[in-house]
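Chemist: using only what follows, build the 3D model:
(one chain, ligands or ions: 2)
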Amino acid sequence: MTNPISLPVLLPYPFKEPFDYEIPQYLDVKILVPGTLVIVPLGNRKEIGVIWQHHKLPKGLDFLTSSPKKFTKLKSILSILPLPPLPFVLLEFIDWVAAYTLSPSGSVLAIALRGVQTIMASKNHPRTGWMLSAQIPKITRNTPTREKVLTFLKDKKIPYTTQYLAKTLEVSAGVIQGLAKAGVIEEHNLPDTSLFLKPDLNFNVPQFSSEQQAAADFLCQKVIQQHYSTTLLQGVTGSGKTEVYMQAIAACVENNKQILVLLPEIALSTQWVERFEKRFGVRPALWHSDLTPKQRKQTWNAIIKNEVSVLVGARSALFLPFTNLGLIVVDEEHETSFKQEEGIIYHARDMAIVRARLSNCPAILVSATPSLETLMNAHHHKYDHLVLNSRHGGALMPDVQIVDLRITPPQRGLFLSPPLITATQQRLKKGEQVLFFLNRRGYAPLTLCRACGYRLECPHCSAWLVEHRNTQRLVCHHCDYFIPIPKECPHCNAPDSMVPIGPGIERITEEARSIFPDAKILVMSSDNLTSPKATAEAIRQIDQQEVNLIIGTQIVAKGWHFPFLTLVGVIDADLGLSGADLRASEKTLQLLHQVGGRAGREKSPGTVMLQSYLADHPVMSSLVKGDFDAFMLQEAAERQAGFWPPYGRLAAIIISADTNENATQIAFELGQYAPKQDGVIVLGPAPAPLALLRNRYRQRFLLRTQKHIAIQPILYQWLSCVKPKKTIKIDVDIDPVSFL
Ligand SMILES: Nc1ncnc2c1ncn2[C@@H]1O[C@H](COP(=O)(O)OP(=O)(O)OP(=O)(O)O)[C@@H](O)[C@H]1O
Ligand SMILES: [Zn+2]
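Modeler: Ligands and ions are numbered 1, 2, ... in the order given. Presented below is the predicted three-dimensional model:
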């Protein structure tokens, strides 16, 4: 067989297919295996690319038949990057994600190369040091300073840098250069000192309850078998799910395999890293958008060289070049923030399972309130299902009560009901902590004119402006447009007529300050916790009881463990139940269950008070009874009838354009070509609920198919019927979570 003269190279830009590049004579074709990182010319730039090889994708995703683009005049590969090739499963995964999300493979590759690009940006020479030469030539001129260096290096087994020698021996760099020139000492690469230490598996092993032990054993068995499987680890809040899956991590480290743990938000990583350190004595590697370029580079490098055993990260960590993956854990799997909504629109939880399958390793999905999709997969035995029914150390589940606001409303214009105020006072008096939860930032979600009814709206989005009293602004939460709070109505000029309607957490904080003047209040929202460091500081204040009344948005609902917190007051439990979202009930139940789960996790029992005008709503009764699964089964039955997920497939098409005419025009055109076949339903086009977003006019379609029908080929066919102008964007959202 003759060697090929060219190879396909995929570039990290929105290209669907690789380009063909010539192999120059000076490169050995044998080392140019698929995955090799190369430098190639593109136009008059030099770019990093990857020697590509397409994989056969499963039925339904194999609709793209691709052949590498040929340049009329073949350009040549310039050089090879001095890094191991990307592992084969990563290439396969990239093609898979591209086909599933109908995105160009090149754009998906770009996510995977985020660590390499920084490697390129910073010139990285291996660090070197000096050792005595194997054969020391006789030197003509010896000096006391030269002697000092030689004596020091005698018998040394590792190299020492010029800087180190100069400083400790108080000699000039010139002395060392002179010795090197004379051949007495030799330059050697410094050994790689990995930043990532191996976990100490026996550092601090917890005593498991029998329920925990059984779950841990099951997971360890899965890890040892090293086949693909997915296990749902479901357990009430505070049941020790994290401790249990850490045991599976330990088994995997023992097997010398790599472990990826996905968290829904980087804010959670601080507490997670601490727990990991407590259990294993070292810190895991981290991957999220707040890493410095240097950290990013070091981590990426260490992953591909198999020097990292445990990495915890956000969504994009799925695309890291693990060469030896043995376990993927998705913690808080129900969280909608696992869905990436911009760029490549993908669900990290679902793609984690794909990655596990391709790597032939187990996956663990962890939650107290699993998503309906996951729960149904467990019920139908597609996933293994482990359940932890009791809290660790005999702690009780919190007592959940409804405060019916029709019966005990707050005072006019205020938001805290008398029962919640009384309960709060009692807890604070006992030295315990209280949490008020309201999932709304700012002071008030709407400002209107008392005189003419005019409402202040964002000029660039279909959204009201939200008052932020701390910064004296009215802000759009979609595009960050803001104006100072006006003194008079911009519409009718009535003076002092603008009134805030409804509460945000700033308003609740103001009310709490006046009702509980002695409380030490901490506010937790993305407005004041702007970095993982700020979050860590807030958590410290709670842990050390420097505060006793915490007021927060959804950021406080996550997997925190606050030992002294005994009362959770949900200011508006009905928020989230309105709206046309398919999952409105499911999401509300999960959120309130999670936030309630922060109460009473140690010795003192906890109480959750839900302020609601909908006391009879099934979500409220499920929370009171604590029968999450029963509610979800009921919800499943309702979805089954209409072929809604998980009983059918769903995809959204989102059109956005510079003008309303352009948006409606292309929507109309697409509507003409809408697929017509049995088991496929197209809803729309219709203006999106957010019909205007950042000055873009938006229209939506929703495509629903029965489960056995692959949705991607239909979409691919359909979308190729139109050729939109440059100013029009068409996004595809497979398995949409947001319907805005
Ligand atoms: N066997 C054990 N030995 C010692 N401590 C334990 C054990 N199991 C759980 N814990 C402790 O109990 C607390 C709750 O456990 P953990 O956070 O793992 O629960 P969880 O199920 O992950 O909770 P959530 O779903 O609310 O996040 C933690 O402080 C944990 O360290
Ligand atoms: Zn806006």
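Chemist: sketch out the low-pLDDT regions of this protein for me.
Modeler: Low-confidence segments of the chain, defined by pLDDT under 70: 1-3, 64-72, 117-126, 140, 191-195.
Chemist: so what does the longest helix seen in it touch, helix or strand wise?
Modeler: If you go by DSSP state H, the chain has its longest helix at helix 210-225. Counting contacts by 3 or more Cβ pairs under 8 Å, 6 or more residues apart in numbering; DSSP states H and E, helix 210-225 packs against strand 229-235, helix 241-254, strand 362-367, strand 384-388. Yep, even glycine has a C-beta here, placed from its N, CA and C like the rest.
Chemist: can you confirm whether it lies near ligand 1?
Modeler: Yes - under the criterion of Cβ under 6 Å from any ligand atom, ligand 1 is reached by helix 210-225 at residue 212.
Chemist: what angle separates that helix from helix 241-254?
Modeler: Going by axes from the mean of the first three to the mean of the last three Cα atoms, to 10 degrees, helix 210-225 is angled at 30 degrees with respect to helix 241-254.
Chemist: ok, back up a step: distance to ligand 1 and mean neighbour count added to the helices and strands packed on helix 210-225, as a markdown table?
Modeler: Below are those laid out as a markdown table (distance: least, Cβ to the nearest ligand atom, whole Å; neighbours: other Cβ atoms under 10 Å):
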| stretch | distance to ligand 1 | mean neighbour count |
| --- | --- | --- |
| strand 229-235 | 5 | 23 |
| helix 241-254 | 3 | 23 |
| strand 362-367 | 7 | 26 |
| strand 384-388 | 7 | 18 |
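Chemist: phi, psi for residue 649 please.
Modeler: phi -110, psi 150 (degrees, to the nearest 10).
Chemist: residue 633 and residue 225, how far apart?
Modeler: 31 Å (Cβ to Cβ, to the nearest Å).
Chemist: more crowded one of these two?
Modeler: residue 633 (14 against 11; other Cβ atoms under 10 Å).
Chemist: flag every residue of this protein that's near ligand 1.
Modeler: Counting by Cβ under 6 Å from any ligand atom, the chain sits next to ligand 1 at 206-208, 212, 235, 237-243, 368, 392, 559, 561, 597.
Chemist: kindly recompute the last result at 5 Å.
Modeler: Contact residues, the chain versus ligand 1 (Cβ under 5 Å from any ligand atom): 206, 208, 235, 237-243, 368, 392, 559, 561, 597.
Chemist: just the buried ones from these?
Modeler: When the residues of the chain next to ligand 1 are checked for burial by 16 or more other Cβ atoms under 10 Å, the buried set is 208, 235, 237-243, 368, 392, 559, 561, 597.
Chemist: ok, residue 6 - contacts?
Modeler: 20, 21, 22, 23, 74 (Cβ atoms under 8 Å, 6 or more residues apart in numbering).
Chemist: from the stretch 601-740 of the chain, which residue is nearest to ligand 2?
Modeler: residue 694 (6.5 Å; Cβ to the ion).
Chemist: contacts only, for the closest residue in space to residue 386 that isn't next to it in sequence.
Modeler: Excluding the flanking residues, the one nearest residue 386 by Cβ to Cβ, 6 or more residues apart in numbering is residue 215, at 4.5 Å. Applying Cβ under 8 Å, 6+ apart, we find residue 215 in contact with 233, 235, 244, 386, 388.
Chemist: same question, residue 267
Modeler: Going by Cβ under 8 Å, 6+ apart, residue 267 touches 529, 532, 535, 555, 558.
Chemist: most surrounded residue in the residues you listed?
Modeler: residue 535 (23 neighbours).
Chemist: what strand or helix carries it?
Modeler: Per DSSP states H and E: residue 535 is located in helix 532-543.
Chemist: ok now that helix, how far from the chain's centre?
Modeler: 20 Å (Cα atoms, centre = their mean, to the nearest Å).
Chemist: and if you look at stretch 563-579?
Modeler: On Cα atoms, centre = their mean, the centre of stretch 563-579 falls 24 Å from that of its chain.
Chemist: name the residues of it that are buried.
Modeler: Residues of stretch 563-579 classed as buried by neighbour count (16+ other Cβ under 10 Å): 564-577.
Chemist: for the stretch 151-300 of the chain, which segments count as strands?
Modeler: 185-189, 229-235, 258-262, 285-287 (DSSP state E, counting those that start in this stretch).
Chemist: what lines up beside the shortest one in the sheet?
Modeler: Right, the one you point to is strand 285-287. strand 310-313 (parallel) (DSSP bridges).
Chemist: what does the strand it pairs with rub up against?
Modeler: 199, 249, 253, 258-263, 269, 272-273, 276, 280, 284-288, 299, 303, 317, 320.
Chemist: domain map for the chain?
Modeler: Domains of the chain are assigned by automatic domain parsing as 6-112, 128-189, 210-392, 395-440+503-637, 648-734.
Chemist: just the terminal-to-terminal distance for the fourth one.
Modeler: Right, the one you point to is domain 395-440+503-637. 33 Å (Cα to Cα, to the nearest Å).
Chemist: do the longest one as well
Modeler: Terminal residues of domain 210-392 are spaced 11 Å apart (Cα to Cα).
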